[in-house]
Structure formats: structure tokens, C-alpha cells
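> Sequence plus predicted model, see below.
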Amino acid sequence: MTDPASPSSDHGASDGATSVDAAPLHDQSAPPGPRHITEFAGDEPQHVAAPVGFAALLSVLGVVYGDIGTSPLYAFRSTVQVISGHHQVAAWEVMGVASLIFWTLILIVTLKYVMLIMRADHNGEGGILAISSLAQRVISKPKLRTALALVGVVGACLFFGDGIITPAISVLSAVEGIEVSVPAAHDLVIPIAVIVIISLFSVQYIGTGKVGTIFGPVMLLWFGTIGVMGLLKILHHPAILMALSPVYAVEFVFYHGRLSFLALGSVVLCVTGAEALYADMGHFGRAPIRYAWLFFVLPMLVLNYFGQAALIIESPKSLANPFFLLCPGWMQGFMIVLSTLATVIASQAGISGGFSVCRQLIQLGYMPRLRITHTNAEEEGQIYLPDFNRFLAVGAVLLVLAFQSSDRLASAYGIAVTGTFICTTLLAIVVFRYHFNWPAWRVAVVFGSFMVLDTTFFSANALKIPDGGWVPVLLGCVLTLMMTTWKKGRSLVIGRQRQDSLPMGSFIARLPQSRIIRVPGMAVFMTGTPDIVPPCLLHNLRHNKILHDHVMFVTVQNLDQPEAERGHRVSVEQLAPDIYRVILRYGFMEMPNIPRALENLKANGVDFDALQASYFTSREMITRSPVSRLSRWRMWLFMFMARNSTSSMEFFRIPPDRAVQLSVKVAI
């Protein structure tokens with residue numbers, strides 16, 4: 001390595017961290033001879049089956065079903081308005097819409113996610129990145145593994161788009177209820193919605209646990225209320241229950257042709273948040289999510305949708321806002337407050353999920369390090385990312401100001417949802433074929449049918465790209481480009497470091513004959529590649545001419561699985577007397593804590609004094625080489641991301657007063 005000579009940028013994903021496959025790694029390039037290798041369990045996570053009690057079901061209601069539970073605010077109205085924009089809506093058409101929504105809930109949520117996709121857990125975890133990781137594990141071809149990883153990244157980027165749109169459309173649709181009781185308050189809808197959204201994001205720093213203490217009871221009241229509202233109207237018009245038959249849905253589609261295709265773009269809004277059922281499986285377990293959906297959430301949603309349909313048939317003028325007109329006038333003020341609370345909860349679920357996915361992408365090496373604050377000392381998953389939170393807040397406010405109404409914003413919503421559906425189905429095809437060993441014909445029939453359904457919904461929403469659907473498409477493309485650029489840039493940096501550095505075996509072999517002065521103390525050198533001498537050590541020797549008498553080379557390996565396997569958290573190898581190589585493995589659902597992990601080594605006979613330890617890290621100074629494999633604009637993007645990333649000391653929770661950072665120039 002050469003000395004620094006150009007503008008610097010604080011690196012983001014190396015210096016002690018590297019992304020690897022899930023299998024435990026052992027260094028194959030270490031020098032021959034006696035050595036001591038030990039595998040420790042460390043602070044291993046324990047997966048236990050979540051109890052299916054009332055408390056568990058209440059928690060599921062508050063966190064998992066917020067998004068899909070608030071869809072009745074806008075889904076039915078948006079779908080029927082597609083038809084009313086062309087002609088007077090007939091009763092059989094309203095029943096056709098109700099039938100389409102019912103069977104969409106059954107096919108997409110109940111059959112696809114609850115019955116099938118939730119079986120594909122990865123060490124108990126779910127979500128687009130978990131199923132992507134599981135799919136990669138059962139495929140041996142490198143190019144296909146890369147393609148599957150890209151599908152997961154695209155799905156995650158679309159999930160971010162959903163996380164921005166959900167607060168905007170949910171809060172806006174709830175606040176619009178004011179116009180039902182007080183039409184003159186139309187001009188106050190946008191300011192109130194902006195205030196609610198800003199308030200929501202402003203309290204994220206206190207943590208999901210504290211923000212969510214009232215989520216479960218509120219959502220229990222919400223689902224019970226909307227179910228009773230729908231049931232009371234159905235009792236006056238029981239004929240609406242005939243829409244449970246798929247005949248009405250088929251008749252609606254075949255009669256309207258292209259118009260029904262446009263309507264499908266709004267029908268899919270009833271399943272927004274379906275991905276949350278799978279993504280939150282690691283927090284609650286499969287059983288509570290399934291039971292809550294089958295025996296409470298689904299019946300309440302169907303009652304409300306069918307109640308709205310009966311109301312529109314009875315009074316076509318109610319199409320302006322059938323959800324709020326479904327309740328009596330004396331109750332509308334209460335429903336405005338309750339729906340606002342429910343939409344805040346729906347938004348909170350998307351925000352918390354966005355935090356988790358963002359952390360997972362950082363751990364997998366697709367994003368630079370961002371500052372992560374742990375809001376609960378006992379719950380590792382409760383985190384807060386200030387920079388990402390500001391990104392979501394600004395995006396949601398801009399959407400409210402730009403689109404002005406939930407109906408217009410609905411055009412931007414469907415693309416993100418249906419795009420994620422397609423990504424999940426593609427990955428599920430691989431998992432069920434090669435992990436669950438389903439025969440090819442069964443995979444083709446089951447998931448081929450789901451793919452047809454998903455692509456139909458996606459195509460219907462693609463027609464709305466000029467009207468707002470371009471927002472999630474543009475956001476997804478930009479984020480995917482940024483993530484692939486970061487991944488490529490980091491691989492080039494690590495490759496350059498390997499090329500320019502000294503092999504660890506050669507350094508250890510020459511150490512006894514060297515004239516290096518050994519001084520008392522413990523030095524911890526962070527390195528992203530365990531088989532080479534870290535640049536920070538070479539610079540320390542070059543400038544200070546000393547080496548501590550106790551040395552640890554620490555590498556953090558980010559696995560492509562949710563959590564490290566039991567017994568393979570920590571590997572310790574003695575390279576020479578009082579010189580150790582330590583490999584710490586973390587899944588993408590976990591956060592590294594280097595001092596705590598090294599403290600745990602004392603219980604296993606490894607001498608480590610936290611009070612005497614000094615941590616050495618590298619501060620990379622990225623420059624463009626004359627034969628760079630990155631284009632100039634991607635090089636600029638990579639360096640911009642590197643400059644704005646969080647330092648390795650903060651990310652690994654290394655005490656600042658015990659850290660030494662040395663600059664290293666890297667030309668790629």
C-alpha cells in the first residue's frame with residue numbers, strides 16, 4: 001500500500017467485515033505447522049416456538065396487519081371509481097368488485113403467503129432477503145446465484161418504495177374522512193396529513209417498542225369496529241353475500257375486458273402489506289400470524305368490504321367515500337380518530353420493516369454503513385437509523401404534496417406491491433423445487449398460476465406509470481443501481497487490497513527474525529480478509545516501528561443467512577505465541593458488537609483485557625486507477641456513498657477512546 005496522497009473517504013463495508021456464504025469458513029492459506037483452532041458458540045440466538053396465546057395474537061395485530069388492515073379506507077373506493085369514470089355503476093358490477101377483492105385475499109394472502117410462502121423460512125426468519133438467501137443456498141451455479149441475489153435486491157428496493165408510499169397514502173386517506181363530516185375543511189387535509197407524517201417520523205428515535213405499546217389494542221378495536229360496521233349493512237342487504245361466488249368475479253372480468261384490467265390495478269390495493277406477513281415471521285412465529293389472519297383479520301376485512309359494496313348498491317352517492325359513510329353520522333368523528341391511529345400503525349410497520357431490511361442490506365454488503373441506534377438493550381431487532389428515517393420522511397411528505405389525494409396516490413402504490421410479489425414468486429419457485437424437492441410439474445402448476453396472477457396485477461398497474469406509477473419504478477431503479485455499484489466497488493477494493501498486501505503466513509514466518517520492537521498491551525487489528533496482513537498494521541509498523549506483545553486479527557464475516565449457526569459464531573486460531581486470528585460470524589439479521597464478542601473469549605481460555613485493548617482500523621482513501629473497471633459516473637457514485645458512510649468504529653461499536661485509525665490509499 002502507498003501512503004495517502006488524495007482526498008479521502010471513510011470506507012463502508014470492509015475493514016473487518018466481509019460478505020461470505022453461509023458455510024463456516026476456514027483459512028486455507030495459513031502457514032503449515034501446529035496451530036490451535038477453536039469454534040465457540042458465543043452469544044448464540046435461541047429459536048423457540050412462539051406461544052399462540054392472546055398476547056401473541058395481539059402483538060401480531062399491532063405489527064403485522066397494520067398495512068393490510070387499513071386498505072378498506074381506499075381499495076374498494078378506488079376500484080369502483082375506475083368503473084364509474086366510464087358509466088353509471090350497476091349493482092352486479094359492485095358485486096363483481098367485491099368478489100374480485102374477496103378472491104384476491106384468498107389467493108394472494110391466504111394460499112400464497114399464509115399456506116405456502118411462510119413455509120420457506122430461513123432459520124426461522126422470513127422476508128424477501130431471507131428467501132433470496134435460501135434460494136441461493138440450493139443453487140450451485142455462480143451466475144444463477146448472482147441472478148437470485150439480484151432478484152432479492154430488486155424486491156428489497158421495491159419494499160423501500162412501499163415504505164415511503166404507505167405512510168403517505170394511509171395517513172392521507174384517513175385524514176380525508178374530515179371532508180365527510182365537514183366539507184369546508186377540504187383545505188386542511190394536506191396540512192394535517194403533513195403534520196401527522198412529520199410527527200410519526202419524529203418519534204422514531206424512542207424505539208418501536210415504546211411507540212408500539214398501544215398498537216395491539218388499537219388494531220383489535222379497529223378490526224372489530226370495521227367488521228361490525230360491515231356486518232350491520234350486510235344484515236340489511238344479505239344478497240351481497242352471493243359475491244362470495246367466483247362467478248361474479250369471472251363475469252366482471254369477461255364482460256368489461258380492458259376496463260376490468262384497469263380495475264385490477266386498484267383491486268391489488270386490498271393486499272398491500274401481504275409481504276409483512278412473511279417478513280415479520282421471525283418476530284412472532286408462523287402460527288400466531290396464520291391464526292390471526294384466518295380467524296380474525298380475514299373475516300373482518302371481508303365483512304367491511306362487503307358492507308361497503310352493499311352501501312354503494314343502496315346509495316350510489318356513497319361512492320365518494322364508502323368507508324366513512326358506512327358508519328352513522330354520530331360515529332364519524334370517532335372513526336376519523338381511530339382510522340388516523342390505525343394508519344399511523346400501518347405506517348409504523350412499514351418504517352420498522354424498512355429499518356430491518358436496510359440493516360440486512362448493509363450486512364450483506366449492498367449498502368454502505370449507516371449509523372444504527374439500538375433502542376432496546378434486550379431486543380436486538382429494535383433499531384433506529386436516523387439517516388434512513390429522514391429519507392423516508394422527506395419522501396412521504398413530498399408524495400403528499402405532489403399527489404394531493406389518496407386516489408391519485410393509489411396509482412403509485414400498486415407497482416411497488418406487485419413488483420415485490422413477482423420477486424417473491426420467482427425465488428419461491430427455486431426454493432420449493434430444490435429445497436422442498438417438489439416435483440417440477442407441481443411447481444409449474446402452483447407457482448406458475450401465482451406468476452400469472454402476479455404479472456397480471458403488475459401489468460394492470462404498469463398502465464398507471466404515467467399517472468404516478470413512475471415513482472416506485474424510478475426509486476427502485478435508482479436504489480438498485482446504487483446497491484450494485486456499492487457491491488462492485490467494494491469487491492474491487494478488497495481485490496486491490498489482496499493484490500497489494502502481504503500474506504499473513506509470510507508475515508508470521510518472518511516475525512521471529514524481525515527487529516520489530518514488542519511493547520506491552522493488546523492490539524486488535526480489524527481486517528476484512530483474514531489471510532492477508534491488514535493495511536493498518538503495515539502502516540503502524542512503518543511509522544511507529546512497534547508491535548504489541550498481544551495481537552488479535554479480527555474479521556467479521558457477514559453470512560447470507562439470518563443468524564449464525566449454533567457453534568459457529570466465533571473461530572479462534574493461534575498463529576504464533578500471543579497472536580490470534582479471530583473470525584466473528586453474523587447473519588444479516590444481527591448486529592456486530594466487537595468488544596462484547598472479544599470479552600466472551602475470556603470464558604474460553606483466550607487472554608483478552610478490554611481495558612488494555614487498542615483497536616486499529618483503516619480509513620480508505622479511494623482513487624480511480626488508470627485502468628479502472630468502474631465507469632467515471634459509477635466511480636463518482638461509489639466515492640459519494642463511501643464519503644457518507646458511517647465509520648467502522650461506530651458500526652462495530654468500538655469505543656472511540658480506544659480506537660486508532662490509519663489512512664490507506666486504494667486505487668481501483
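Yes, it's here.
> Every contact and neighbour count from this point should use C-alpha atoms.
Will do.
> The strand or helix carrying residue 521: partners in the sheet, and parallel or antiparallel?
Here residue 521, judged by DSSP states H and E, is contained in strand 517-526. Strand pairing for strand 517-526, determined by DSSP bridges: strand 546-559 (parallel), strand 613-623 (parallel).
> would JSON lines of these with distance to residue 117 be doable?
Formatted as JSON lines, the strands paired with strand 517-526 follow (distance: least, CA to CA, whole Å):
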{"stretch": "strand 546-559", "distance to residue 117": "22"}
{"stretch": "strand 613-623", "distance to residue 117": "42"}
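> about what we covered before: contact partners of the strand holding residue 521?
15-16, 534, 536-537, 545-555, 608-609, 612-618 (CA atoms under 8 Å, 6 or more residues apart in numbering).
> Of those residues, keep whichever come out buried.
When neighbours are counted using 16 or more other CA atoms under 10 Å, those contain these buried positions: 15-16, 534, 536-537, 547-548, 550-555, 608, 613-618.
> Poorly predicted segments of this structure, please.
Screening the chain residue by residue with the criterion pLDDT under 70, one finds the ranges 1-53, 180-181, 207-214, 282-283, 374-382, 603-604.
> Grab the longest helix from it for me.
Criterion DSSP state H: the longest helix present in the chain is helix 142-175.
> what's that helix packed up against?
Taking 3 or more CA pairs under 8 Å, 6 or more residues apart in numbering; DSSP states H and E as contact, the helices and strands that helix 142-175 lies on are helix 128-137, helix 189-202, helix 332-363, helix 386-403, helix 406-430, helix 470-500.
> what's the first-to-last distance across stretch 237-257?
Distance between the two ends of stretch 237-257: 28 Å, counting by CA to CA, to the nearest Å.
> just to revisit the earlier point, if you count neighbours, what's buried in the strand holding residue 521?
By neighbour count on 16+ other CA under 10 Å, the buried set for strand 517-526 is 522-526.
> Next: stretch 67-74.
Applying a neighbour-count criterion of 16+ other CA under 10 Å, the buried positions in stretch 67-74 are 67-74.
> Run the chain-centre distance for that stretch.
For stretch 67-74, the separation from the chain centroid amounts to 21 Å (computed by CA atoms, centre = their mean, to the nearest Å).
> returning to what we had before: would JSON lines of the buried residues of stretch 67-74 with distance to residue 390 be doable?
Formatted as JSON lines, those follow (distance: CA to CA, whole Å):
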{"residue": "67", "distance to residue 390": "21"}
{"residue": "68", "distance to residue 390": "24"}
{"residue": "69", "distance to residue 390": "26"}
{"residue": "70", "distance to residue 390": "24"}
{"residue": "71", "distance to residue 390": "25"}
{"residue": "72", "distance to residue 390": "28"}
{"residue": "73", "distance to residue 390": "27"}
{"residue": "74", "distance to residue 390": "26"}
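> Looking at these, spot the one nearest residue 568.
Taking CA to CA as the measure, residue 568 sits nearest to residue 67 out of those, at 37.4 Å.
> Distance check, that closest one against residue 343.
From residue 67 over to residue 343 the distance is 7 Å, taken as CA to CA.
> One more: residue 278?
Using CA to CA, we find residue 278 at a distance of 20 Å from residue 343.
> ok, now residue 645?
Taken as CA to CA, the spacing of residue 645 relative to residue 343 amounts to 32 Å.
> Sweet, I'm off.
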